[in-house]
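A.B. asks: Give me coordinates for this.
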Amino acid sequence: TNGMTWGSSHSNWGQMAAFAKKNAMLFVPSAGPGYIDTAVRPWNAGNKRERGDGAYLTRSMDAAAAAAPAILSLTSFNEWHEGTQLEPAAPRQGYLD
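C.D. replies: Next comes the predicted model:
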């Protein structure tokens, strides 16, 4: 999540990619759709990343692509309580396992 840690900050990915290349290492940035887990961690609002109808994912993917990685990771655990799901959803009553 952009800005949550130094390594997850999009603005650092170019530097990290250059370091990896210089040292014969692999740099794999991870893009994501956004993040909001305040329903289960109300104290964690500072790490909220608004999805913006896909705008956050687009910015993440663009930042990752700009670092020209050999591999790009997409972080989505379909954690509905964290707002990281990618598939469309519709509200419904009940839960089926």
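
A.B. asks: The chain: strands as residue ranges?
C.D. replies: For the chain, applying DSSP state E gives strands covering 30-31, 73-74.

A.B. asks: highest average neighbour count across those?
C.D. replies: Of all those, strand 30-31 carries the top mean neighbour count, a mean of 19, counting by mean count of other CB atoms under 10 Å. Glycine gets a C-beta too; all of them are placed from N, C-alpha and C.

A.B. asks: what does that strand contact?
C.D. replies: Ser8, Leu57, Ser60, Met61, Ala63, Ala64, Leu72, Ser73, Leu74, Thr75 (CB atoms under 8 Å, 6 or more residues apart in numbering).

A.B. asks: quick one: the first one and Asn2 touch, right?
C.D. replies: Going back to what we said before, that points to Ser8. Yes: here Ser8 reaches Asn2: they are 6.3 Å apart, a contact under CB atoms under 8 Å.

A.B. asks: mind listing what Phe27 touches?
C.D. replies: Residues in contact with Phe27 (CB under 8 Å, 6+ apart) are Trp13, Met16, Ala17, Phe19, Ala20, Lys21, Ala67, Pro69.

A.B. asks: Filter these down to the buried ones and hand me the ChimeraX line.
C.D. replies: To isolate the buried ones among the contacts of Phe27 in ChimeraX, judged by 16 or more other CB atoms under 10 Å, type:
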select :13,16,17,20,67,69
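
A.B. asks: Let's have the contacts of Phe27 in a markdown table, adding distance to Thr84 and pLDDT.
C.D. replies: Compiled in a markdown table, the contacts of Phe27 are given as follows (distance: CB to CB, whole Å; pLDDT from 0 to 100):
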| residue | distance to Thr84 | pLDDT |
| --- | --- | --- |
| Trp13 | 19 | 95 |
| Met16 | 22 | 96 |
| Ala17 | 24 | 96 |
| Phe19 | 27 | 97 |
| Ala20 | 25 | 96 |
| Lys21 | 29 | 96 |
| Ala67 | 21 | 94 |
| Pro69 | 20 | 93 |
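
A.B. asks: Out of the contacts of Phe27, list just those in helices.
C.D. replies: Trp13, Met16, Ala17, Phe19, Ala20, Lys21 (DSSP state H).
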